[in-house]
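A.B. asks: Fold the following.
(one chain, ligands or ions: 2)
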Amino acid sequence: MSRTFCTYNLNNLDSIRQVRRLPEDLRLALNVVGRVFPFRTNNYMVDELIDWDNAETDPIFHLNFPCREMLFPEHYDRISGMVRSGASTNLLRDAVQDIRHELNPQSVHTMDATLPAINGRKQHGIVHSYPETVLFFPAEGQMCHAHCTFCFRWLQFVGEEEDIFASTDVESLISYVSQHQEVRDILFTGGDPLFMRTDILAGYVDRILEADIPHLNAIRFGTKAITYWPYRFLTNPDADALLVLFEKIIAKGKHVAVVANINHPREISTDAAQKAIKRIRSTGAEIRAQSPLLRHINDKPEIWSALWREEVRQGVVPYYQFVVRDTGARHYFALPLVEALEIYREAYSSVSGICRTVRGPCMSTPQGKVQLIDVQELQGEKTLLLHYIQTPFADQVLRTFFAVYDEKAEWFTDLKPLRPEDASFFRNFSKQF
Ligand SMILES: *Cc1c(COP(=O)(O)O)cnc(C)c1O
Ligand code: SF4
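C.D. replies: Ligands and ions are numbered 1, 2, ... in the order given. Just a heads-up that it's a prediction; the model follows:
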């Protein structure tokens, strides 16, 4: 089936028959919460993925459509009161801005790492996070086919011009990577870099390939398109050209990794998603899958074991299980770290070895990727055992350290070092390359 991309936001939502039939309170909540978080959906989500008969409990509905509980009650009451009383657009916009500020909108660069200076100038849209990997935020790829309600990069969608972190400067990227022998991977990220038209994407990739950087090993594309718009790889006018682009990178001797955001096994149960996966893999590209652990969406071990098994069945490599980041509607999605560990352990212990390429629960912090490994007793007291999977400080990778046990802790900043020798693992700065 061929499909033309059709996008919906609050302005044209009533044109969706299934939305018109939703219970009144769900629709009202959508119209309130959808003003604070950037709401967007499309005809694939609406017609093929969401279970409208069970919208209230459907994980895919909650992945895409905001609900009342995603705002704190005082924020919800404030906006719904204004909507009800017909407040002016300006007043509403100011109130929405205030609330967004309170929800810890994280700019991509202060959150992730230091920006490399290239030719003496700090670069916007390029991040050197770990020694081997440079992130590139192409300006045309800071959009997505639909929006996740848990989105940790929502500032990219709602921010003022200066908040949006992006670049078109592929020459600076190339010059930086060429001069840094330790960089092996360029990771296109967003938003969704595969939202961009193939000819624009090819403009970037072709320049990288022409530069012929011998130490460059892989090009990665972070994307949600496999599950939010699989037709990107099937029937979009430039779908074939994208696959040809992957083949071209591979023919140049580089690995292509499509890093897919897959939150629930249902997302890869449709015909279209399965065909998209097959087509991508037919180019020689590898698909690796990652997702945060999200309350209301995938907070059961059975969901994760089903997800990893189904990924492997379709030839997708399970990669990371993340802890949901401390921004936006986080209070709706978050679980305590110790609960996340139990879910991970139970799911992991029920899948075969080829699914166990996944690492979790993993926190992507400014210091690096921290994995909670175990709850251990030390001198009769419970403690948390952790290690870094990734950090700019190579001497700390896979070295275990302890944090004070805290059954409520949801993020790395909630934790405290147990012993003096653990303190250096909590230092709060990023390394300058
Ligand atoms: C996860 C992440 C990466 C990629 O890490 P890998 O372990 O190589 O997949 C790069 N930069 C940042 C900031 C990240 O959070
Ligand atoms: S795919 Fe990523 S950037 Fe896009 S809406 Fe979802 S979390 Fe945000």
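
A.B. asks: Give the buried residues for stretch 66-75.
C.D. replies: For stretch 66-75, the buried set under the neighbour-count rule, 16 or more other Cβ atoms under 10 Å, comprises 66-68, 70-71, 75. For every residue, glycine as well, the C-beta is placed using N, CA and C.

A.B. asks: who touches stretch 46-58?
C.D. replies: Around stretch 46-58, the neighbours that count as contacts under Cβ atoms under 8 Å, 6 or more residues apart in numbering are 8, 16, 18-19, 21-23, 26, 60-61, 64-65, 227, 266-267, 270, 272.

A.B. asks: Tell me how far the residue in the stretch 251-400 of the chain that ligand 2 sits nearest to lies from ligand 1.
C.D. replies: When you check the stretch 251-400 of the chain against ligand 2 by Cβ to the nearest ligand atom, the closest residue turns out to be N261, at 5.2 Å. Counting by Cβ to the nearest ligand atom, to the nearest Å, the gap between N261 and ligand 1 amounts to 12 Å.

A.B. asks: nearest residue to that residue other than its sequence neighbours?
C.D. replies: Excluding its sequence neighbours, the residue lying closest to N261 (Cβ to Cβ, 6 or more residues apart in numbering) is K224, at 4.5 Å.

A.B. asks: so who does the one you found touch?
C.D. replies: 144-146, 148, 192, 260-261.

A.B. asks: Ligand 2 contacts on the chain?
C.D. replies: In this structure, the chain approaches ligand 2 at residues 144, 147-148, 151-153, 190-192, 224, 261, judged by Cβ under 6 Å from any ligand atom.

A.B. asks: Kindly report the domain assignment for this structure.
C.D. replies: Domain assignment for the chain, taken from automatic domain parsing, gives 7-102, 111-284, 318-433.

A.B. asks: gap between the second one and the chain center?
C.D. replies: When you say that, I think you mean domain 111-284. In terms of Cα atoms, centre = their mean, to the nearest Å, the centre of domain 111-284 is found 12 Å from the chain centre.

A.B. asks: Return the set of buried residues in stretch 420-429.
C.D. replies: Neighbour count says stretch 420-429 has 422, 425-426 buried, by 16+ other Cβ under 10 Å.

A.B. asks: returning to that earlier point: out of the buried residues of stretch 66-75, which is nearest to R3?
C.D. replies: Compare each of these with R3 using Cβ to Cβ and the shortest gap goes to P66, at 24.5 Å.

A.B. asks: if we can go back for a sec, farthest pair within the residues of the chain next to ligand 2?
C.D. replies: Using Cβ to Cβ, the pair of those lying farthest apart is F152 and D192, separated by 13.5 Å.

A.B. asks: For the two, work out which one has more neighbours and name it.
C.D. replies: D192 (24 against 20; other Cβ atoms under 10 Å).

A.B. asks: Excluding chain neighbours, what is closest to that one?
C.D. replies: In space, and not counting its chain neighbours, D192 is closest to C144: 4.4 Å by Cβ to Cβ, 6+ apart.

A.B. asks: after the one helix or strand S178 maps to comes which helix or strand?
C.D. replies: With secondary structure defined by DSSP states H and E, S178 is part of helix 170-179. On the C-terminal side of helix 170-179, the closest following helix or strand by DSSP H and E is strand 185-188.

A.B. asks: Poorly predicted segments of the stretch 251-400 of the chain, please.
C.D. replies: Regions of the stretch 251-400 of the chain meeting the criterion pLDDT under 70 are absent.

A.B. asks: As a check, name the ranges of all strands in it.
C.D. replies: Under the criterion DSSP state E, counting those that start in this stretch, the stretch 251-400 of the chain carries strands at the ranges 255-261, 286-293, 317-323, 359-365, 368-378, 381-390.

A.B. asks: Let me have those in JSON lines, extended by mean neighbour count.
C.D. replies: Supplementary listing: the strands of the stretch 251-400 of the chain in JSON lines, determined by neighbours: other Cβ atoms under 10 Å:
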{"stretch": "strand 255-261", "mean neighbour count": "21"}
{"stretch": "strand 286-293", "mean neighbour count": "24"}
{"stretch": "strand 317-323", "mean neighbour count": "23"}
{"stretch": "strand 359-365", "mean neighbour count": "23"}
{"stretch": "strand 368-378", "mean neighbour count": "17"}
{"stretch": "strand 381-390", "mean neighbour count": "18"}
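
A.B. asks: In the buried residues of stretch 420-429, which has the lowest confidence score?
C.D. replies: Ranked by pLDDT, the buried residues of stretch 420-429 bottom out at F426, which has 93.

A.B. asks: Pull the contacting residues for that residue.
C.D. replies: The neighbourhood of F426, defined by Cβ under 8 Å, 6+ apart, consists of 367, 412, 415-417.

A.B. asks: Any quick PyMOL command for the buried ones out of these?
C.D. replies: When burial is assessed using 16+ other Cβ under 10 Å, the buried subset of those is captured in PyMOL by this command:
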select buried, resi 367+412+415
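
A.B. asks: Tell me the one among the contacts of F426 nearest to E247.
C.D. replies: Q367 (37.6 Å).

A.B. asks: Name the nearest residue to the closest one, sequence neighbours excluded.
C.D. replies: T391 (6.0 Å).

A.B. asks: That neighbour - how many residues pack around it?
C.D. replies: For T391, the neighbour count with other Cβ under 10 Å is 23.

A.B. asks: OK, contacts around it?
C.D. replies: Neighbouring residues of T391 by Cβ under 8 Å, 6+ apart: 130, 367-369, 397.

A.B. asks: again, only this time at 10 Å
C.D. replies: Contacts for T391 were tallied using Cβ atoms under 10 Å, 6 or more residues apart in numbering; they are 129-131, 365, 367-370, 397-399, 425, 430-431.

A.B. asks: Give me the subset of those that also touch ligand 1.
C.D. replies: Okay, of the contacts of T391 touching ligand 1 (Cβ under 6 Å from any ligand atom), that's 129-130, 369.

A.B. asks: which of these lies closest to ligand 1?
C.D. replies: Nearest member of the ones next to ligand 1 among the contacts of T391 to ligand 1, counting by Cβ to the nearest ligand atom, is S129, at 3.3 Å.

A.B. asks: quick one: strands adjacent to the helix or strand hosting the closest one?
C.D. replies: Assigned by DSSP H and E, S129 falls within strand 126-130. Strands that pair with strand 126-130, judged by DSSP bridges, come out as strand 133-136 (antiparallel).

A.B. asks: that older thread, and the strands of the stretch 251-400 of the chain as a markdown table, adding distance to V404?
C.D. replies: Shown next, in a markdown table, are these (distance: least, Cβ to Cβ, whole Å):
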| stretch | distance to V404 |
| --- | --- |
| strand 255-261 | 32 |
| strand 286-293 | 22 |
| strand 317-323 | 18 |
| strand 359-365 | 16 |
| strand 368-378 | 10 |
| strand 381-390 | 7 |
